[in-house]
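Enquirer: with the input below, show me the fold.
(4 chains)
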Number of protein chains: 2
Amino acid sequence: MADKVTIADVARHAKVSRQTVSNVLNSPEVVREETRLRVQEAVQALGYRVSQAARQMRTGRSMLIASRIEPAQDDGINGFVFDRYLHGLTESAARAGYRVLLYTADDHDAELATFDDLLGVHEPDAFVLTSTDYGDPRTTRLLELGIPFVTFGRPWGVPPERRYPWVDVDGAAGTALATRYLLDAGHRRIGFLGWPGGSGVGDDRRAGWARALADAGAGPAEIAELDHRTDDGVPQGEAAAHALIDAGRPATALVCVSDSLALGALQAGRRIPVIGFDDTPVARAVGLTSVRQPITEVAASCVSILVRLLDGDARGRGAAGREREQNVGGRQDAGSGGSASPLREAPPEQVLHQPTLVRRQSA
Amino acid sequence: MADKVTIADVARHAKVSRQTVSNVLNSPEVVREETRLRVQEAVQALGYRVSQAARQMRTGRSMLIASRIEPAQDDGINGFVFDRYLHGLTESAARAGYRVLLYTADDHDAELATFDDLLGVHEPDAFVLTSTDYGDPRTTRLLELGIPFVTFGRPWGVPPERRYPWVDVDGAAGTALATRYLLDAGHRRIGFLGWPGGSGVGDDRRAGWARALADAGAGPAEIAELDHRTDDGVPQGEAAAHALIDAGRPATALVCVSDSLALGALQAGRRIPVIGFDDTPVARAVGLTSVRQPITEVAASCVSILVRLLDGDARGRGAAGREREQNVGGRQDAGSGGSASPLREAPPEQVLHQPTLVRRQSA
DNA sequence: TAGTCCGTGTTGAACGATCAAATGCTCGAA
DNA sequence: TTCGAGCATTTGATCGTTCAACACGGACTA
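Expert: Now for the predicted structure:
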């Protein structure tokens, strides 16, 4: 139907110049109202759409946000959360005029290589990273390159002066919520099935449970007694539950760091209340009460942070090399030094969302 | 580090013209070996990468494959399969030099609108569609537009003369496999928990079970008696299982159209063998034997079909309007009419993959 | 010997948009 | 009357790549 319509076609149809059409699209305020309407009419009539390729060539902006899609893990738990996240990201990005570009990488090194590849070829405007861990090389690299990015997950163990924007869910608040719910139901000895220490996310979730117990008057010794650590997985959850329930002074209810462990605890057979984490399909399927992360909101926050960064950076990427390198330096200094630069960059944003408790039969 | 390196920089460094560099990259056979090596060295030395935007402008190819990401369904079953699929697609596409661009849409109409939007702005080279249903408007539209695409899912109920490329998994073979497995274990009365008629996928899976039973000597009446239909969901599965097990002549084993229904059947409490479909995390978690679709292979087939289409179509998109419309006509005729066109297009490819049975405790 | 072709490489133009600078115009102040 | 300021719009150049046409030397054909 529609042949390729260019900005020149629109200009001819509206009897103005190319540039005026461009202005109507990009900075309508400089165009007289009458002219603007005439041009908009022509755009409608011809079904004109900007060619992203041509625009990118001139402006250096691709309107693409790159995100890694994680290997579909066999436990499928993380996979589900990630799936929802990606969906939310795509939707929010679309609303802001951006699209999500996927890539994969098996490990951090491969991912660094992919950065170069993507930046050279498709030139995404920004990256979104997930599951950041201690001393993550990816954030360092992106900071060096001066590419805007945001992570889903706090920068565990990163020195505070090297700040970058992140969005996360308050895991401690989630487990605290679950624990208080069980306390209110009259339970005093509430066990925690968690991962081994050293995982930022896992330690955070354990801390929320411990804090809630302490607030309720439990002593450190009792808390340590109720704290059980194991790798993730259903059989591990079952074994751990047995250990806590069959102890000398047994736990009467369980808070778990993941739905996998919680499912194992349920299968242990004792009919004590169990609460999981992530509200996965497994939880819904077996009637497991679980802490739900507001993933859609997380994705929306990521996009809105990026959009703000990119708008501030509007002329950055397309500019000449010299200008760009200054830009990089400026970005890093803004964090560590704090010297007043001409155009003052807003500090990196951090957003922490609150989880909720989805109540089902298990508790 | 690296400022923007252009093809002209490489040309200068290798002391040749721009075009020669371009030739080394795109049709190395026309360049003398000595020159080629010199240019490749320069490319390495300068860290040159083609600018996709500039290339796209000239050639009309974006090296992007658009795929819709489905809303994260609350049952999470389909979500998991889709997640694995998307991962495989991204990986296979990357190997072929393509990237996956995501979009969302709430319904078919919205998706059609998104087609226009994407095609106008980012101009993906091809689309990948999933969960096609009866009389799907999307395939029709893409055929009209002449945009290459492939679907994961057979064209249920589409007249055979309007063919297009698809990749699918042989669901009937999967349920037949499961049924024969139970027959071999000595069971004669094997029930089927399926979806209501009218779903292509569901009917197909039921047919495989029925065929296996018939092959084992069961009569039509007995098969009808063992066939139970219900909407998807865990509670529905539990109820349906009760109905089949508590019948006058009870089923002694169950084959299910989905893991959700199978999980419900397991929860019905009778300890009879149950086999699910899709090998989701739920199945792994509860030890459910399930039919596994080779999703990675499906994704790889999709990409290889698309690549073949796009290579045949190499100069298509960038060409003038007239030429393009002829192209569209040619494509449609190739299916229905069969007139010999100058450059003979290969017929659309169809690939049917075979599923496997993952054995666990439940059967 | 002239003509043609092949292999190799070069040059100018084009893709469609935006940027930077120039233009025409009106208006009010010197 | 002239000049400058301010606004709305236009013009020319440019982004990085590939296409189309052509140049050049040598070998092969007529």
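
Enquirer: quick check: A:Ser17 touching A:Val10?
Expert: No - contact between A:Ser17 and A:Val10 fails when scored by C-beta atoms under 8 Å: they sit 10.6 Å apart. From N, CA and C alone the C-beta is placed, and that goes for glycine too.

Enquirer: let me see the domain layout of chain A.
Expert: Listed domain ranges for chain A are A:7-50, A:64-169+A:296-353, A:171-294 (source: automatic domain parsing).

Enquirer: nearest to B:Asp259, out of those?
Expert: domain A:171-294 (8.6 Å; C-beta to C-beta).

Enquirer: now do the end-to-end distance for the closest one.
Expert: The first and final residues of domain A:171-294 sit 11 Å from each other (C-alpha to C-alpha, to the nearest Å).

Enquirer: can you check stretch A:267-274 too?
Expert: With C-alpha to C-alpha as the measure, what separates the two termini of stretch A:267-274 is 11 Å.

Enquirer: tell me which of the domains of chain A lies nearest to DNA strand D.
Expert: Using C-beta to the nearest atom of the strand as the criterion, the shortest distance between DNA strand D and the domains of chain A is 3.3 Å, found for domain A:7-50.

Enquirer: returning to that earlier point: from the domains of chain A, which stretch is densest packed?
Expert: For the domains of chain A, ranked by mean neighbour count under the definition mean count of other C-beta atoms under 10 Å in any protein chain shown, the leader is domain A:171-294 at a mean of 21.

Enquirer: next structured bit after whichever strand or helix holds A:Gln44?
Expert: Under the criterion DSSP states H and E, the helix or strand holding A:Gln44 is helix A:33-46. Counting by DSSP H and E, the next helix or strand C-terminal to helix A:33-46 is helix A:52-59.

Enquirer: is that following helix in proximity to DNA strand D?
Expert: Yes - counting by C-beta under 7 Å from any atom of the strand, DNA strand D has neighbours in helix A:52-59: A:54, A:57-58.

Enquirer: go back to those and keep what's next to DNA strand C.
Expert: Cross-checking those against DNA strand C (C-beta under 7 Å from any atom of the strand) gives A:54, A:57-58 as the overlapping residues.

Enquirer: what about chain A, any weak spots by pLDDT?
Expert: Confidence mapping of chain A against pLDDT under 70 gives the ranges A:1-3, A:72-78, A:160-161, A:312-347.

Enquirer: DNA strand C contacts on chain A?
Expert: The interface of chain A toward DNA strand C, taken as C-beta under 7 Å from any atom of the strand, is made up of A:4, A:6-8, A:18-19, A:21-22, A:25-26, A:48-51, A:54-55, A:57-59, A:315.

Enquirer: closest approach to chain B from the stretch 151-300 of chain A, which residue is it?
Expert: The nearest approach of the stretch 151-300 of chain A to chain B comes at A:Pro281, 2.5 Å away (C-beta to the nearest C-beta).

Enquirer: would you map the strands across chain A?
Expert: Ranges of strands in chain A, per DSSP state E, are A:64-68, A:99-103, A:126-130, A:149-152, A:166-169, A:190-194, A:227-229, A:253-256, A:274-277, A:289-292, A:350-353, A:356-358.

Enquirer: report all helices and strands that the third one contacts.
Expert: In other words, strand A:126-130. In terms of contact count using 3 or more C-beta pairs under 8 Å, 6 or more residues apart in numbering or on different chains; DSSP states H and E, strand A:126-130 is assigned the packing partners strand A:64-68, helix A:77-95, helix A:137-145, strand A:149-152, helix A:295-312.
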